[in-house]
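Asker: whatever this is, show me its structure:
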Amino acid sequence: MTVSRRMFLRDAGLAGIGLSFTGAMAGCSRSKPSRALNLYTWDTYIGEHTVADFTRAAGAGVNISLFANNDELFAKLRGGNQGYDVIVPSNDFVERMVAANLLAPLDPTKIPNRRNIAPRFLDAPFDPGRRYSMPYTWIVTGIGYRKSKVKGIPDSWKWVLDSDAYKGRIALLGEASELFEIGAKYLGHPANTSDPAVIEQVKAMLIRQKPNIAAFHDDNGQDMLLGGDVDLVIEYNGDIAQVMRDDPDLDFVVPREGGILASDGLCIPRNAPNPDLAHAFINFVLGAAPGADIARTIRYPTPNEAALALMPDSYRKSPVIFPPAAALATCEYSRYRGQAMNSLYEAAMTQVRAA
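Answerer: Numbering: from 1, shown residues only. Modelled structure (predicted):
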C-alpha cells in the first residue's frame, strides 16, 4: 500500500461505527449477499481486502461495528449479545468474558487453518487449549514519539508518567487496567499486582502528572502523534508502525522497565446469530494470504506463520513490529484478576480523570 492504513479505511468508509460492507462494496457483485457476518472489532483493524475476499469466498457480506476499548466491548456484551458473530477482545478480556460466560466454545474441526498459527500461541495461559479464542495479533505497549521534538530516546515510563519536561505534549492510554499495570511496572512492581496499595501509589502519581497530560486517549494516540497534537504517547507498536509509514519523524520504544504484552483473539460470543458463518470467517482470516493481507495493512505482529512467510523483510525485520528479544523479556502479559480488582482500577481511573 502506498497510502496509510487509516487513509485507506477512511476512504473505503470503514472508519465509522456500525457500518455495513456487503455486496458491491465488497467487490463481488452488484447484488447484496443474502446473509452477512456481524463483526465487532477495533477501528482500522482489518485487511485491505478482507471484506471483499471473504465475500467472494463465502458469499456473505460483513457488517462491521467498532469499539474504542475492551471496557466498551465488555459492557456491550455483558448486557446480552446484540447480534454479533465475531468479536476481537484482548487476552485478559478473553479471560474475563469466559468467567462471565459471554463466549461460546470454538469448534476446532471448523477451523483447519489453525495449523498456520505458531505453536507458542496455541496454548495460552489466558485460554488453555484455545477453547474460546483464535490468535489474531500479538501486541506490545510502549512509547511512540516524534524524534525532532524529543531530546533523546524516551526509554523509561518516567518520560510520560513522572516528568513535566513535555508538559501538554503527552497522551496516555485511557483504559484503566493497562494504564495502571504500566504505572505499577514503572514503580517497580509486577504489572499484575493485586495489591490495593500499589493501585493507590499509581493513582497518586497519575494525579500529580495530570497537569502535564494533554489527553487520555482511546487507542487513537497514533493519530494525535501524527497530527502534531502530542510528542509522546503510550500506544501499541502496530499503531505506531502504521503512522511511521506516513511520517519518518516518528518512532517507538519499549521502556526499560518493560511494556505490556497482549494478544487479540477472534471469538464467538454466546448466542451469535450465525455461528457457522463465524467459524468460516475465523478460518478464512487464519489463511496464509488473508493473514498476510491483514498484517500488511495493520502492521501488527502476526502469530500466523504461513502469513509471516509471505511478508517482506521490511515487516519481518522491523524492530517496531517485532521488538528485540531483550526488550520483550522485560514485558508481561495482562491477566484478569477478578471483578473486585477491575472495580478498583476503574474507581481509581475515575478519580484520576476527575482530579
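Asker: any chance you could map the strands in the stretch 101-250 of the chain?
Answerer: Assigned by DSSP state E, counting those that start in this stretch, the strands in the stretch 101-250 of the chain fall at 134-146, 170-173, 213-217, 232-236, 250-253.
Asker: what strands line up against the first one, and which way round?
Answerer: With DSSP bridges as the test, strand 134-146 is paired with strand 232-236 (antiparallel), strand 250-253 (antiparallel), strand 260-266 (antiparallel).
Asker: let me see the mean pLDDT of that strand.
Answerer: Per-residue pLDDT values over strand 134-146 give a mean of 97.
Asker: next one: it to chain centre, how far?
Answerer: 7 Å (CA atoms, centre = their mean, to the nearest Å).
Asker: likewise for stretch 105-120?
Answerer: Using CA atoms, centre = their mean, the offset of stretch 105-120 from its chain centre is 21 Å.
Asker: to A262, which of the strands of the stretch 101-250 of the chain lies closest?
Answerer: Nearest to A262, of all these, is strand 134-146, at 4.2 Å by CB to CB. The way it works is simple: take the backbone N, C-alpha and C, and place the C-beta from them, glycine included.
Asker: kindly export that closest one (C-alpha atoms) in CSV.
Answerer: Coordinates of each C-alpha in strand 134-146 appear next as CSV, following Å, rounded to 0.1, in the frame of the first residue of the first chain:
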residue,chain,number,x,y,z
MET,A,134,-8.0,-17.9,18.0
PRO,A,135,-4.9,-15.6,17.8
TYR,A,136,-5.3,-12.6,15.5
THR,A,137,-2.4,-10.5,16.5
TRP,A,138,0.1,-10.0,19.3
ILE,A,139,0.9,-6.6,20.7
VAL,A,140,3.5,-4.7,22.7
THR,A,141,2.6,-1.4,24.5
GLY,A,142,5.4,1.2,24.6
ILE,A,143,6.0,4.9,23.8
GLY,A,144,5.5,6.4,20.4
TYR,A,145,7.3,9.7,19.9
ARG,A,146,8.4,12.4,17.5
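Asker: adding distance to D218, write the strands paired with strand 134-146 out as a markdown table.
Answerer: Converted to a markdown table, these look like this (distance: least, CB to CB, whole Å):
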| stretch | distance to D218 |
| --- | --- |
| strand 232-236 | 11 |
| strand 250-253 | 19 |
| strand 260-266 | 15 |
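Asker: let's have those strands in JSON lines, adding mean neighbour count and mean pLDDT.
Answerer: What follows is those, written out as JSON lines (neighbours: other CB atoms under 10 Å; pLDDT from 0 to 100):
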{"stretch": "strand 232-236", "mean neighbour count": "26", "mean pLDDT": "97"}
{"stretch": "strand 250-253", "mean neighbour count": "22", "mean pLDDT": "98"}
{"stretch": "strand 260-266", "mean neighbour count": "23", "mean pLDDT": "94"}
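Asker: which one of the ones you listed lies nearest to D127?
Answerer: Going by CB to CB, the one of those nearest D127 is strand 260-266, 7.1 Å.
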